[in-house]
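> can't give you the sequence, but here's the structure:
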């Protein structure tokens, strides 16, 4: 069995871990530098781990593609795979810690109006005593209760929020971290009682545009929105309009319809909009990278033994 | 009994709460607008609650001064009170929630290098994928384990830090939130194994300059420092030197030797220094203000009944 790896963030210890796991199961491993420099004998590898679209698109013999990303919207699109039957696994589960910390950071920045004083401080000016809010007073709704949403909920619980609600497709969350979990169908009931809406959804046809203008209007005027899932989930123009007209108090977006945002985008100057460049979760964080590699190695053993894989993507659901 | 109140942040509900409590104990209340507009009949009030130095300095009949602040370094100085026997209480206990949230916010900004990308975003530029660290990997030392230090520890515990150590004068912390608590005498043993040093100390002669150049050098080169207590605790020049020479990875200061920082201060341009304008805790936050008023009302009942007050400052210790 040939295993092709394309993940530039791997340290020596990770390569060793993968190599040793592969040896145990009798697989050959190649660590490639780029999609354009794959050695001849690994171009038809059975297994792939990392980032890369071309390999999916050209390798007809590929049987298992393990994505180093959590979101796989780009992989479940029709035509993404030369071998339509290729199994896809993802790394949802590795990013929760990092993205939960991002959500708490940007939420506090907005609630405390800290961004306004940082703008001043970065320009060498002493800031102002501005009205502040607290996670402690906050009614929080988490839309998407997978690894990211649950890991955030566990952490934010310690801040003793006034209310912590989960919303997901099934209405059931594996982790007992929410006061209550609703089905997405009931989202509109929850929004009017939400001070902080955290969106951690995969990019699927169902989640596209889920935060519509109508739904933004259901949120209180002093509510905040954080999006860390996919940019497609938010109507960006409507969001900017709400922010400019004080129909929302703030938003923190890490993901956008088009990334990077163009230099002349209206988003840069939208009132009370905090922009981060899709950095909520990435493999520069030791915990995320370690877990990412661990998950692939777990599944590699199962794959070699013919067992079902743990982190399989449901292609129909898209996550 | 006459009670003078000078706290501009009070809402109607707080005035009502204080007035009703005073009525119960047979006290007369005056809500003044400033130290210069105190009605004649309240200039020698027995009780004071709020902010104000002149009243302490001039009212010889003042028996109890309840400070709306947590730090009372300015009140325990010789000569602060016309009546040397005046009891001082403070509002330590009201600020923990707000300041704990501040500490977590700035710690995450530093660990994630988010401040660098916000500088770019505020200038309309897409940021970079920078190496990130996590509270999850972090060995945290909290110097000062009072309300602020403990409230922070309870929250940061949910981030599953690698180690969470408390350091205080007695070596004993009321709250069981630390892995271990050391005496200040043992501080130098803890510093070499600290990735994030959080300082939440009162301003006293003992804490002045406690984070000296020598102690900064005991910290790892990739350690971070957060100070929310008093600026006097940190040797600012030595800190700036360490930051400039990569002997520390970052620092977030909310308090300074002199506030506000002058426009031409070197601090504004010190590498990896995050400046906030003494906004970690203040009465704009509903929770802090509510608790502040509650604490005064609790003590007002005890005071009227001749019982010992709960929130008394030990003038010798200075907190």
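Structure received. Keep in mind that this is a model prediction, so the values were computed, not measured.

> who in the stretch 101-250 of chain A is up against chain B?
Residues of the stretch 101-250 of chain A found near chain B (CB under 8 Å from any CB of the partner chain) are A:101-102, A:104-105, A:108-109, A:111-112, A:114-115, A:117-122, A:124-137, A:154-159. Where you see a C-beta, it was placed from the backbone N, CA and C, and this is true even at glycine.

> show me how to select, in PyMOL, the buried members of these.
Selecting just the buried residues from these in PyMOL takes one command, with 16 or more other CB atoms under 10 Å in any protein chain shown as the test:
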select buried, chain A and resi 101+102+104+105+108+109+111+112+114+115+117+118+121+122+125+126+127+132+133+134+135+136+137+154+155+156+157+158+159
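
> pull out the buried positions in the longest helix belonging to chain A.
Among the segments of chain A that qualify as a helix by DSSP state H, the longest is helix A:286-304. Going by neighbour count (16+ other CB under 10 Å), the buried part of helix A:286-304 is A:286-297, A:299-300, A:302-304.

> and chain B, which of those residues contact it?
Within the buried residues of helix A:286-304, those near chain B by CB under 8 Å from any CB are A:286-287.

> hmm, back to that, elements contacting the longest helix of chain A?
helix A:12-24, strand A:47-50, strand A:64-67, strand A:87-89, helix A:96-111 (3 or more CB pairs under 8 Å, 6 or more residues apart in numbering or on different chains; DSSP states H and E).

> any idea of the mean pLDDT in it?
Per-residue pLDDT values over helix A:286-304 give a mean of 97.

> run through the residues that contact the nearest residue to residue A:253 once chain neighbours are set aside.
In space, not counting the residues next to it along the chain, residue A:253 is nearest to residue A:227; the distance is 5.1 Å by CB to CB, 6 or more residues apart in numbering or on different chains. When contacts are counted by CB atoms under 8 Å, 6 or more residues apart in numbering or on different chains, residue A:227 touches A:199, A:211, A:233-234, A:251-255.

> how much space between residue A:227 and chain B?
Here the criterion is CB to the nearest CB, to the nearest Å. By it, residue A:227 lies 15 Å from chain B.

> contacts for stretch A:166-178, please.
The list of residues contacting stretch A:166-178 from outside it, by CB under 8 Å, 6+ apart, reads A:141-146, A:149-150, A:153-154, A:157, A:164-165, A:180-184, A:186-187, A:190, A:206.

> tell me which strands and helices whichever strand or helix holds residue A:151 is in contact with?
Assigned by DSSP states H and E, residue A:151 belongs to helix A:147-157. Using 3+ CB pairs under 8 Å, 6+ apart as the contact definition, the elements that helix A:147-157 packs against are helix A:96-111, strand A:139-143, strand A:163-168.

> now do the longest one: distance to the chain's middle.
In other words, helix A:96-111. Averaging C-alpha coordinates over helix A:96-111 and over its chain gives two centres that are 13 Å apart (CA atoms, centre = their mean, to the nearest Å).

> same check, this time on the shortest one
Taking CA atoms, centre = their mean, the mean C-alpha location of strand A:139-143 is offset from the chain mean by 16 Å.

> give me the phi and psi for the residue nearest the centre of chain A.
When chain A is reduced to its mean C-alpha position, the nearest residue by CA atoms, centre = their mean turns out to be residue A:229, at 4.4 Å. Main-chain torsions, residue A:229, degrees, to the nearest 10: phi -80, psi -90.
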